[in-house]
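**Q** Coordinates for the following, if possible.
(one chain, ligands or ions: 3)
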Amino acid sequence: MKILGIESSCDETAAAVYTGKGMESNVIASQAVHEQYGGVVPELASRAHHKTIWRTVQQSLDEAGVHINEIDAIAVTQGPGLMGSLLVGLCFAKGLSLSRDIPLVGVNHMDAHIYANFIDETPAYPFVALTVSGGHTQLVHVTAPFEHKLLGETRDDAAGEAFDKIGKILGLPYPAGPVIDERAKDGDPRFHDFPQAMLDNNFEFSFSGLKTSVKYFLEDQEDKEQFLEDHLDEICASVSYAITEVLVKKLRNAMEHTGVESVVLAGGVSANSMLRRKARELTKEMDCRLHIPKLAYCTDNAAMIAITGGMMAERDMYSDMELKPFASLSSRK
Ligand code: ATP
Ligand code: MG
Ligand code: FE
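**A** Ligands and ions are numbered 1, 2, ... in the order given. As a prediction, this is how the structure comes out:
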């Protein structure tokens, strides 16, 4: 089966082709226009998707050496994400589906982050997924393909959002997650003890207090600018430490509660080196298998949409022209 995956939920226009042989192409057009605003501007994102989507899809087909007429299913992100951005991908996919008579599959972006782990490996069910991205932080018990039980999630900011908002306070460019990760490698994580919230609660998270605590910590310094200049690496390391400690402690709770023998990390924050290392240590200690997508499949991409779409097509989980976007998981109909 040859699957064309299309992703446009946020600020990445992406397309990928998956065949029985593997991921044949994975094209991502990132939108630089948002950098100057320090975050994604929804209206600009929609316009940029509109401008690049055709070119991106054509490139993914060309790189894969596959003609559109050979495609067996078009998988497209249905949500969650920015409504205007989702609509561009969805309308494009529907048009292509209709004109070429190719079946359509609507894919949940958060499911796709999880199933990105199936591109290069085959995790065994049941497993626990720690899904950590720009908009979500969830612990999910996956008992079989597309059988998901939500164990807990964040009550406020997502882990990636915490990295990005704290980065803004530290004067770092958006998205700050990867920058903080790099700087943290040269810093002492014990430099300052930032709070780890909700440790007495099994599977839920809260990261908004951490951001406030970083803000006050900086304001308490006599010369904030100088302090930042002298200790940026240490602050980044201490912040990374606080966030990843909470994540792995909750992951441990979920593993003990479910008794699973495999764990997968998913979403943009699973690219974080400290999290990857701690998850490796934890799963080794608990004698469990750990799967982490390769870096290109952690942050938003269409390869994860293609693989998930393929798994859905195998199970006859097709969509029709009524397929509607949803902005958040809770608003899904
Ligand atoms: P969602 O998937 O919840 O809809 P999203 O699609 O915007 O949100 P992703 O693309 O999965 O999120 O991930 C982006 C997030 O991952 C950003 O917050 C970014 O800072 C963070 N991130 C990426 N790489 C790293 C890293 N190495 N360390 C920490 N955070 C990272
Ligand atoms: Mg992005
Ligand atoms: Fe995402």
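**Q** Name the residues of the host helix or strand of Arg47 that are buried.
**A** Assigned by DSSP states H and E, Arg47 belongs to helix 42-64. Neighbour-count burial for helix 42-64 flags 45-50, 52-53, 56-57, 60-61, 64 (criterion: 16 or more other CB atoms under 10 Å). Just so you know, the C-beta spots here come from the backbone N, C-alpha and C atoms, and that holds for glycine as well.
**Q** do the same with stretch 69-88
**A** 71, 73-88.
**Q** now do stretch 9-23
**A** Buried-residue list, stretch 9-23, by 16+ other CB under 10 Å: Ser9, Cys10, Asp11, Glu12, Thr13, Ala14, Ala15, Ala16, Val17, Tyr18, Thr19, Met23.
**Q** Sort out which of these are in helices and list them.
**A** Of the buried residues of stretch 9-23, none are assigned to helices by DSSP state H.
**Q** between the residues you listed, which is closest to Tyr297?
**A** Tyr297 lies nearest to Met23 out of those, by CB to CB, at 8.6 Å.
**Q** after the strand or helix carrying Val128 comes which helix or strand?
**A** If you go by DSSP H and E, Val128 is part of strand 127-132. Once strand 127-132 ends, the next helix or strand along the chain (criterion: DSSP H and E) is strand 137-144.
**Q** Which strands and helices lie in contact with that next one?
**A** When contacts are defined as 3 or more CB pairs under 8 Å, 6 or more residues apart in numbering; DSSP states H and E, strand 137-144 packs onto helix 109-115, strand 127-132, strand 147-153, helix 224-258.
**Q** make it 6 Å
**A** The criterion is 3 or more CB pairs under 6 Å, 6 or more residues apart in numbering; DSSP states H and E, and the helices and strands that strand 137-144 contacts are strand 127-132, strand 147-153.
**Q** Any buried residues in that strand, and which?
**A** Those would be Thr137, Gln138, Leu139, Val140, His141, Val142, for strand 137-144 by 16+ other CB under 10 Å.
**Q** what's the most distant pair in those?
**A** Thr137 and Val142 (16.3 Å).
**Q** Which pLDDT value belongs to Lys333?
**A** Here the pLDDT value assigned to Lys333 is 60.
**Q** and the chain, what are its domains?
**A** 3-114+297-331, 124-292 (automatic domain parsing).
**Q** Out of those, flag the one nearest ligand 1.
**A** In terms of CB to the nearest ligand atom, the element of those nearest to ligand 1 is domain 124-292, at 1.9 Å.
**Q** now the buried residues of strand 137-144 as TSV including pLDDT?
**A** As requested, the buried residues of strand 137-144 are exported to TSV (pLDDT from 0 to 100):
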residue	pLDDT
Thr137	98
Gln138	98
Leu139	98
Val140	98
His141	98
Val142	98
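**Q** ok, these vs ligand 2, which is closest?
**A** Relative to ligand 2, the closest of those is Thr137; by CB to the ion it sits at 16.1 Å.
**Q** Isn't the closest one up against Phe205?
**A** Yes: assessed by CB atoms under 6 Å, Thr137 is found in contact with Phe205 at 5.0 Å.
**Q** Need the residues touching each of those two.
**A** Contact with both Thr137 and Phe205 is made by residues Thr154, according to CB atoms under 6 Å, 6 or more residues apart in numbering.
**Q** what about stretch 196-213, start to end distance?
**A** In stretch 196-213, first residue to last residue: 11 Å (CA to CA, to the nearest Å).
**Q** Show me which residues of the protein sit near ligand 3.
**A** Ser133, Asp300 (CB under 5 Å from the ion).
**Q** tell me, what residue is most central in the chain?
**A** Gly267 (2.5 Å; CA atoms, centre = their mean).
**Q** low pLDDT regions in the chain?
**A** By pLDDT under 70, the low-scoring segments of the chain are 333.
**Q** Residue numbers of it in contact with ligand 1?
**A** Within the chain, the positions adjacent to ligand 1 are 10, 80-81, 109, 113, 133-136, 160, 163-164, 175-178, 181, 267-269, 271-272, 299-300 by CB under 6 Å from any ligand atom.
**Q** I'm done for today, thanks for sticking with me.
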